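structural data only, the sequence is not supplied:
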C-alpha cells in the first residue's frame, strides 16, 4: 500500500518532468527536467527492489551524462528555441502513432499476463534474500563476461572515433 | 519494533545530527581562521567572546540580517534553486553515515546512524546495502548546484567559475570513485557498516598495526584524498573560486544567506569527505577502550573516536590550505587525468590480483 502511494507520486513526477521537458523552450530547463525524470525513475527502481540499478542511474545518468549536457549548453550559451507551428500531417500521424503504440503495449501486457506474471506495481523484493550488487556482478563478470567485454571495446572504439573526428578539424 | 517509537527516534536522530553537523560547520570556520591566522603569524578572530569563540554566531547573525540581493537579469528560478540544491545534496550524504554501533536510551535500542535500524541485542544493526553509492550519487548531483549558480547569475566571472568547477568535479569524480574500489574489493560489500565491520574484528596487520585498510591501500588513500580536495574545491584545487582571476567564482553574485548556503555546503562536503575516509580507511568508530568503566562514556566512546578521526582530517584540510599554493588550471587537469587516474587503475589491478591469488 505504502509502496503503491510512493509509486504513484514518483510516477506522476516522472511524467510531469517528461512533459515539461517538451514544453520548455530554453534548453537548460529541458535538460534539468530530464534530470528530474531520471531521478524519479531511479526512485521507482528502488521501489522495485533494484537498489543498485537505482544508484547507478543517479550516478551515471543524472550525475555524469546530464552534467555534460548542462555543461555543453552553458558553454555554447544556447539560445531560446524558436517555435514553428508544425505541420498538420505530423500531428495527425503522430497522434495516431501514439494511440497505436500505447494500445500495442497494453495488448502485449494483457495477453502475456501469465508469462510475465502480471504487472506488480511497487512490489518490494525482500532485500535480505537477494543482494543485487552480488547478483549483477556475478552475471556481468561470469555468465555474460564476453558480451560485457565486447561492449566495453565497442565503447572504446566509439570514443576513439570521436577523438579522431574532433582532431581532424585542425 | 514499534513504528511510533521508530519514527520518534528517527526524528530525534535527524534533528540531533543536523544540529551537531551545522554547529561543527560553524566552528570549522572558526578553527580555520584561527589556525590559518597562527600559521601566518596573526591572531585570527579574538574580539567576539573568549578566543573569538562566539565569532561563528556573530557571522551567522550577520548573514541572516544582511539584505538578500537578487541581481537584475538573473534566471530567477535557477538562481534561487542553486544554493538550495548544493546544501541539500551535501546534507543528504550524512544520513547514511554510521558513527557507532547500537545505543540504548531508556530501554529502546537505536542504531547510531540515521538510516540504520537497530536489531535485537548483541547483533549489529541493519544498514543500507549501497550506502557508499548513495554518497557518490548525492555528490554527483551536488555539481548541479555549482554549475547552475554560475550560469543563472548571468555574469562572466560566475560562469567561468562554474565551468571550471563542473569540469574539475567531473574529472576528479573518476579518480575518486576508482580509488574506493580497492577497499570494496577487500571488504566485499558496499554497506558502510559492513566495510567498518570487516576492519574491526580482524587480526592486526604485521601483529601491531590495527586492521585498517589504510595500510594495504595507502595508494588508494592518497588518490582519494587528492581527488576529494578537488571535489570540495579546496586549496590547492580551488580554481573555481580563484579570487585573483574570478572575483569569487561561481558565487560572485550571491549575497547574505544564499552565499552562506554555498559556504555551508562546502564545509559539509568537507566533513563528508572526512567521514568516508574514516569509515573506509581508518576503521570508522573503532578505537581502544582506554579501560573506562563508566557506562555512559563507554557507550559514547565510539562516537568520540569517530569525531576525533574526522577532526584530524579537518585539520589536515586547514593545514594544506595554509601551506600549498594554488595549481594552474592545466596542471590541475594533467594531475587528475595523467597521474591520479592511472595510479588508481594500477592500484585496482594489483589489489584484485593479490585477492584472487590468495583465495
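Received the coordinates, thanks. Note that the structure is a prediction, hence the values are computed from the model and not measured.

what about residue B:104, helix or strand, and which?
Residue B:104 belongs to strand B:102-105 when assigned by DSSP states H and E.

looking at chain B, what residue ends up closest to chain A?
residue B:140 (2.7 Å; C-beta to the nearest C-beta). For glycine as for every other residue, the C-beta is placed from the backbone atoms N, C-alpha and C.

and that residue, how many neighbours does it have?
Using other C-beta atoms under 10 Å in any protein chain shown, residue B:140 is surrounded by 24 other residues.

what's the average pLDDT for the helix or strand containing it?
Element membership of residue B:140, judged by DSSP H and E, is helix B:131-152. The average pLDDT within helix B:131-152 is 86.

quick one: the helix or strand following that helix to helix B:131-152, angle?
Toward the C-terminal end, the helix or strand that comes next after helix B:131-152 (DSSP H and E) is helix B:156-187. Interaxial angle of helix B:156-187 relative to helix B:131-152 (axes from the mean of the first three to the mean of the last three C-alpha atoms, to 10 degrees): 170 degrees.

near chain B, which residues of chain A show up?
Proximity of chain A to chain B, by C-beta under 8 Å from any C-beta of the partner chain, involves residues A:28, A:32, A:35, A:39, A:51-52, A:55-56, A:58-59, A:62-64, A:67-68, A:70-71, A:74-75, A:127, A:131-133.

if we use 10 Å, what do you get?
Residues of chain A lying near chain B by C-beta under 10 Å from any C-beta of the partner chain: A:26, A:28-29, A:31-32, A:35, A:39, A:42, A:46, A:51-52, A:54-60, A:62-64, A:66-68, A:70-71, A:73-75, A:77, A:127-128, A:131-134.

hmm, residue B:322 and residue B:40 touching each other?
Yes: applying C-beta atoms under 10 Å, one finds residue B:40 in contact with residue B:322, separated by 7.1 Å.

can you list the low-confidence ranges for chain A?
A:78, A:113-131, A:169-170 (pLDDT under 70).

please enumerate the helices of it.
In chain A, the segments counted as helices under DSSP state H are A:2-23, A:27-47, A:51-56, A:66-76, A:88-111, A:113-116, A:132-138, A:145-168.

which among those is found nearest to residue B:229?
Of all the helices of chain A, it is helix A:66-76 that lies closest to residue B:229, at 19.6 Å by C-beta to C-beta.

name the helices or strands packed onto the closest one?
Judged by 3 or more C-beta pairs under 10 Å, 6 or more residues apart in numbering or on different chains; DSSP states H and E, the packing partners of helix A:66-76 are helix A:27-47, helix B:131-152, helix B:156-187.

give me the buried positions along that helix.
The neighbour-count check on helix A:66-76 (16 or more other C-beta atoms under 10 Å in any protein chain shown) flags A:66, A:67, A:69, A:70, A:71, A:73, A:74 as buried.

now do the same contact list for the nearest residue to residue B:329 once chain neighbours are set aside.
Counting by C-beta to C-beta, 6 or more residues apart in numbering or on different chains, residue B:239 is the residue found nearest to residue B:329 once chain neighbours are left out, at 5.6 Å. By C-beta atoms under 10 Å, 6 or more residues apart in numbering or on different chains, the residues touching residue B:239 are B:160-161, B:164-165, B:167-168, B:230, B:233, B:245-246, B:249, B:326-329, B:331-333.

and if you look at residue B:88?
Counting by C-beta under 10 Å, 6+ apart, residue B:88 has contacts B:138, B:141, B:142, B:145, B:261, B:265.

ok, now residue A:41?
Residue A:41 sits next to A:10, A:11, A:13, A:14, A:17, A:53, A:54, A:57, A:58, A:61, A:62 when contact means C-beta under 10 Å, 6+ apart.

neighbours around residue 90, how many?
Looking at chain A here, since you left the chain open. Quick note: residue A:90 (other C-beta under 10 Å) scores 10 neighbours.

sorry, I should have been clearer: chain B.
With other C-beta under 10 Å as criterion, residue B:90 counts 27.

quickly find the element holding it.
helix B:76-92.
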